[in-house]
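Asker: following is a predicted model, sequence given first.
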Amino acid sequence: MCGRFTLAATPDEVAAFLATLELDAFPPRYNIAPTQPILMAMAGPPREPGSNLPDRVALLVRWGLIPSWCKDPKALPLLINARSETAAEKNAFRAAMRHRRALIPATGFYEWKREGKSKQAYLIRPKGGGLMAFGALMETYADPGGAEIDTGAILTTAANDQIAAIHDRMPVVVRPADFARWLDCRTREPRDVADLLAPVEPGFFEAIAISDKVNKVANTGPDIQEPIGVAPPAPQPAGKPKAAARAAPADQLKLF
């Protein structure tokens, strides 16, 4: 799963990466947690002939998807992730997978490796730094009073051999060359973009051991990413069974 991530890039860098209009100013975010606002990019409305406007729009959504059919969000688990292997069939994600595919910009995410009774935190980021985009889904939920809220979830896939040494799942990473195809929900069905849901190749990421400061949502400074000198775990040999999935922390299964 992906339960925390970071976006430590300037608005101009993010806008250029996603090919959207200029973004409002926002500070670096080092410990983005469920239910907080997150930035997404989606395909915009069809452009007029000759227009030079970007064909993507950016919006802020609540991290934790609420299906449009949900009658009582308090009775629903917090859907921060969607398994890419089954999202097109699951009732909670099927409509979004067909009609509202999105991208979430990030500069890294956090994962925890179980070591006996303890857990070691890792910052997992593109090797050498820089931006990446998670495959994501967006859904607009209207409560009984008529108020609307945009919500979203990160798509996950099986970990590659490198990340499997830490956790058995990882976010889907969509490369810039595939942005347009992934976001095209007008002419491309889920089956037409299923190939983009594969794990990113080993070597794309680097894993950096960090302290347990990241465990607390209140810790939001860059110091939570400081290395602590623990060597990353060795990649699992191909074909070796991956570790059992880690249970989601209880506070991530509550909406409010």
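Answerer: Now that the structure is in, tell me what you want to look at.

Asker: look up phi and psi at the closest residue to Phe205 other than its chain neighbours.
Answerer: Spatial nearest neighbour of Phe205, chain neighbours left out: Ile124 (5.1 Å); criterion: Cβ to Cβ, 6 or more residues apart in numbering. C-betas here are computed from N, CA, C, even on glycine. The phi/psi pair for Ile124 (degrees, to the nearest 10) reads phi -110, psi 120.

Asker: next: Leu18.
Answerer: Torsion angles, degrees, to the nearest 10, at Leu18: phi -90, psi -10.

Asker: same deal with Ile224?
Answerer: Here Ile224 shows phi and psi, under degrees, to the nearest 10, equal to phi -70, psi -20.

Asker: now do Pro233 against Pro37, distance only.
Answerer: Distance of Pro233 to Pro37, computed by Cβ to Cβ, to the nearest Å: 33 Å.

Asker: correction: Ile208
Answerer: Counting by Cβ to Cβ, the gap from Ile208 to Pro37 is 26 Å.

Asker: again, but for Ala165
Answerer: As for Ala165, its distance to Pro37 is 32 Å (criterion: Cβ to Cβ).

Asker: so the two - more neighbours on which side?
Answerer: Each of Ala165 and Pro37 has its neighbours counted (other Cβ atoms under 10 Å); Ala165 has more, 20 against 15.

Asker: okay, buried residues for stretch 92-99 please.
Answerer: For stretch 92-99, burial by neighbour count (16 or more other Cβ atoms under 10 Å) applies to 92-94, 96-97.

Asker: cool, stretch 170-190 as well?
Answerer: By neighbour count on 16+ other Cβ under 10 Å, the buried set for stretch 170-190 is 170-174, 178-179, 182-183, 185, 190.

Asker: also stretch 130-143?
Answerer: For stretch 130-143, by 16+ other Cβ under 10 Å, it's 131-139, 141.

Asker: got the CA coordinates for it in CSV?
Answerer: Listed next in CSV are the C-alpha coordinates belonging to stretch 130-143 (Å, rounded to 0.1, in the frame of the first residue of the first chain):
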residue,chain,number,x,y,z
GLY,A,130,12.9,14.4,-9.2
LEU,A,131,9.2,14.1,-9.9
MET,A,132,7.1,11.1,-10.7
ALA,A,133,3.3,10.5,-11.1
PHE,A,134,1.2,7.9,-9.5
GLY,A,135,-1.7,6.4,-11.3
ALA,A,136,-4.8,7.5,-9.5
LEU,A,137,-8.6,7.6,-9.5
MET,A,138,-11.0,10.5,-8.7
GLU,A,139,-14.6,10.4,-7.6
THR,A,140,-16.9,13.3,-6.6
TYR,A,141,-19.1,12.5,-3.7
ALA,A,142,-22.3,14.4,-2.9
ASP,A,143,-23.6,14.2,0.6
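
Asker: model confidence over that stretch, on average?
Answerer: Mean pLDDT, computed over stretch 130-143, is 96.

Asker: that older thread, tabulate the buried residues of stretch 130-143 (TSV), appending secondary structure and distance to Lys213.
Answerer: Shown next, in TSV, are the buried residues of stretch 130-143 (DSSP: H, G, I helix; E, B strand; the rest coil; distance: Cβ to Cβ, whole Å):
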residue	secondary structure	distance to Lys213
Leu131	coil	23
Met132	strand	23
Ala133	strand	26
Phe134	strand	23
Gly135	strand	28
Ala136	strand	26
Leu137	strand	30
Met138	strand	31
Glu139	strand	32
Tyr141	strand	33
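
Asker: need the max-distance pair from those residues.
Answerer: Largest separation among the buried residues of stretch 130-143 by Cβ to Cβ: Leu131 and Tyr141, giving 28.3 Å.

Asker: neighbours around the residue nearest to Phe205, how many?
Answerer: 23.

Asker: which residues touch it?
Answerer: Applying Cβ atoms under 8 Å, 6 or more residues apart in numbering to Ile124 gives the contacts 108-111, 163, 166, 170, 205-208.
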